[in-house]
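> What follows is a protein structure lacking sequence information:
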């Protein structure tokens, strides 16, 4: 809606807007309202939206599946168990995610937001397409511990799903591709791009940043944007950020590529809604943003494949590992990061459990 | 005169008759590629010179280890047939999952094969890299990633198909590793490189097999190519695999010696060219 109103303002005249509306009506194939909205300050999506464009019925089906424990072995765990809207669809206060029978995994659940712009999924990038993402938690023995073939069987036997599939895909046939595409359609609509920062970038009403937040943005651009780049605040790369190697000795990206140069590298996560996605890091070891910045400032470890950006450079003021940050800078950066919180997204009834 | 005339007539008829017969014979030898029929390929899994029966510990590998098999599955794709004149007939976008537990899956049928004399066949063991990263809407039939149930042929955590899966039990497997002495080898790895990412291990293997007896596709002949597939080669191929040390393989790099082994396990035993 904000985007629409900004468009109208941009075109200036009511007459022009009416003219445009008239043109739209005259189009031979009038499209229903676009359910996948690309914020004006975002780049082109990675996902081929044209190949699975969200429809109202497809999104409704995907949402129903997302919130349904039928995806798990005993009906107890839905996607929302570890992806709770209030916390930007993460597992609040759990360092690693808890699944079926209260089993625990080894990694912190990632937020479900802006997935149309992601090129790889999970902390190790093991899945290359959004459409293939749901199979991983369904079949993981500590998450949903179910077989996707059995999910399909249960959906076929259910009283409600055949009608939902018919509405979404034209016939009541329930199969793997349709099941996965419906979940993708719902997840594609989960776009977070209306934070105060976004409104500031787009010069929209409410888009004001305080002096402290502006100072934080300046510091962030100087010290953090080498990895947390662009409007998605990630360059979609995999890097070793110098954490102590502890716990499960997770080798991250190398688990997938089996390449020695990928050991201990993990996905650079987006920082949108980062205020709400605690705890932080692949294993959820940091409970606050202060702990995260203290790590980068003071505690980066010289482990195998440590990212070059965290290593001292002779021609800079960086004399040791990590990122030099004063306490003022840390405070300012955190103030800026909180402007990435998108309350509209976090409370949007389109994504909420019924 | 009357008799003589009749004799001439008979000879004439005979000559015409012979000519007609020979004409008909010439017609039979003409191969019209526009006339098509199907070719079926039977994968008969064996262990050395024994029948493969799941669950029976009747087999021994080159390391002297006795074993039983509980699962043997593999994908076959990118089949092509080569005529004796060198032209190649390809069968793209056809993917077959052969499972020892499912007899029907062990005979695959290629449809609409042009008439011809085929003397060589090729196929890939696994799912090619293009298909491995294709949209989910194109993954139907044997490639439906939600279709496998407990007999999974897809790695959900590392997007990709398991090309070949062999599981079983052996007294050679240390009980410290597996209490019930089971082993499992899942071979996959299409080479990575998705979205500009690094190339990873590629365990796709292709096989080319000569056919001593040609498969002679005709309007009234739908040949059946009968393959012997010797699962013992998975252990006894160019790389000797001992179950005492190699009993749990779930990552592509460790699987490469096994892929190099099973590449050698296929041979054409005979071809049926029965008229329909």
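That came in fine, so what should we check first? As the structure is a computational prediction, the values presented were derived from the model and not from experiment.

> From here on, just use CA atoms for contacts and neighbour counts.
Fine.

> wouldn't residue A:301 be in contact with residue A:246 here?
No. Using CA atoms under 8 Å, residue A:301 makes no contact with residue A:246, being 11.8 Å away.

> Which one's more surrounded, the two?
residue A:301 (19 against 8; other CA atoms under 10 Å in any protein chain shown).

> Kindly report the residues of chain B close to chain A.
Residues of chain B that fall close to chain A, judged by CA under 8 Å from any CA of the partner chain: B:133, B:135-137, B:139-140, B:144-150, B:156-159, B:192, B:194-195, B:198, B:200-201, B:253.

> The same query, at a cut-off of 7 Å, please.
B:136-137, B:144-150, B:156-159, B:200 (CA under 7 Å from any CA of the partner chain).

> Any of those residues buried? List them.
Among the residues of chain B next to chain A, those classed as buried by neighbour count (16 or more other CA atoms under 10 Å in any protein chain shown) are B:136, B:144-149, B:156-159, B:200.

> could you dump these to a markdown table with secondary structure?
Output for these, formatted as a markdown table (DSSP: H, G, I helix; E, B strand; the rest coil):
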| residue | secondary structure |
| --- | --- |
| B:136 | helix |
| B:144 | coil |
| B:145 | coil |
| B:146 | coil |
| B:147 | coil |
| B:148 | coil |
| B:149 | coil |
| B:156 | coil |
| B:157 | coil |
| B:158 | coil |
| B:159 | coil |
| B:200 | strand |
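
> want to throw these into a markdown table with pLDDT?
Formatted as a markdown table, those follow (pLDDT from 0 to 100):
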| residue | pLDDT |
| --- | --- |
| B:136 | 92 |
| B:144 | 94 |
| B:145 | 93 |
| B:146 | 92 |
| B:147 | 91 |
| B:148 | 91 |
| B:149 | 87 |
| B:156 | 90 |
| B:157 | 88 |
| B:158 | 88 |
| B:159 | 89 |
| B:200 | 90 |
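
> burial count for the residue lying closest to residue B:231 once chain neighbours are set aside?
Closest residue to residue B:231 apart from its sequence neighbours, by CA to CA, 6 or more residues apart in numbering or on different chains: residue B:47 at 5.1 Å. By other CA under 10 Å, the residues close to residue B:47 number 21.

> Run through the bridge partners of residue B:47.
residue B:50 (DSSP bridges).

> by contact count, what packs against the longest strand seen in chain B?
Looking across chain B with DSSP state E, the single longest strand is strand B:66-83. Secondary-structure packing of strand B:66-83 (3 or more CA pairs under 7 Å, 6 or more residues apart in numbering or on different chains; DSSP states H and E): strand B:59-60, strand B:88-99, strand B:116-125, strand B:160-170.

> helices or strands next to the third one in the packing?
Okay, so that is strand B:116-125. Applying 3+ CA pairs under 7 Å, 6+ apart, we find strand B:116-125 packed against strand B:66-83, strand B:205-217.

> Of those strands, which stretch is the most buried?
Among the helices and strands packed on strand B:116-125, strand B:66-83 has the highest mean neighbour count (mean count of other CA atoms under 10 Å in any protein chain shown), at a mean of 20.

> now it against strand B:116-125, angle please.
Using axes from the mean of the first three to the mean of the last three CA atoms, to 10 degrees, the inter-axis angle of strand B:66-83 relative to strand B:116-125 is 140 degrees.

> domains of the chain?
Here I'm looking at chain A. A:49-191, A:196-344 (automatic domain parsing).

> you looked at the wrong chain, it should be chain B
Using automatic domain parsing, the domain parsing of chain B gives B:1-30, B:31-272.

> can you pull the contacts of the closest residue to residue B:202 other than its chain neighbours?
Excluding its sequence neighbours, the residue lying closest to residue B:202 (CA to CA, 6+ apart) is residue B:191, at 4.0 Å. Shown in contact with residue B:191 (CA atoms under 7 Å, 6 or more residues apart in numbering or on different chains): B:129, B:199-202.

> can you pick the most crowded of those residues?
residue B:201 (20 neighbours).

> Pretty sure that one sits against residue B:253.
Yes. At 5.9 Å, residue B:201 counts as touching residue B:253 under the criterion of CA atoms under 7 Å.

> Which parts of chain A are strands?
Using DSSP E, strands in chain A cover A:238-239, A:266-267.

> Mind putting the ones you listed into a markdown table with mean neighbour count and distance to chain B?
A markdown table is the format used below for those (neighbours: other CA atoms under 10 Å in any protein chain shown; distance: least, CA to the nearest CA, whole Å):
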| stretch | mean neighbour count | distance to chain B |
| --- | --- | --- |
| strand A:238-239 | 21 | 10 |
| strand A:266-267 | 22 | 13 |
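
> Enumerate the residues of chain A near chain B.
Checking chain A against chain B by CA under 7 Å from any CA, the hits are A:126-128, A:131, A:135-136, A:147-150, A:176-177, A:256-257.

> in chain B, which helix or strand is least confident?
helix B:2-29 (a mean of 52; mean pLDDT, DSSP states H and E).

> now do chain A
Using mean pLDDT, DSSP H and E, the lowest element in chain A is helix A:2-11, with a mean of 40.

> Residue A:305 is nearest to which of the domains of chain B?
With CA to CA as the criterion, residue A:305 lies closest to domain B:31-272 of the domains of chain B, at 15.5 Å.

> Distance from that closest one to the middle of the chain?
The chain centroid and the centroid of domain B:31-272 are separated by 6 Å under CA atoms, centre = their mean, to the nearest Å.

> The longest strand of chain B versus strand B:88-99: what angle between them?
Interaxial angle of strand B:66-83 relative to strand B:88-99 (the same axes, to 10 degrees): 160 degrees.

> All set now, cheers.
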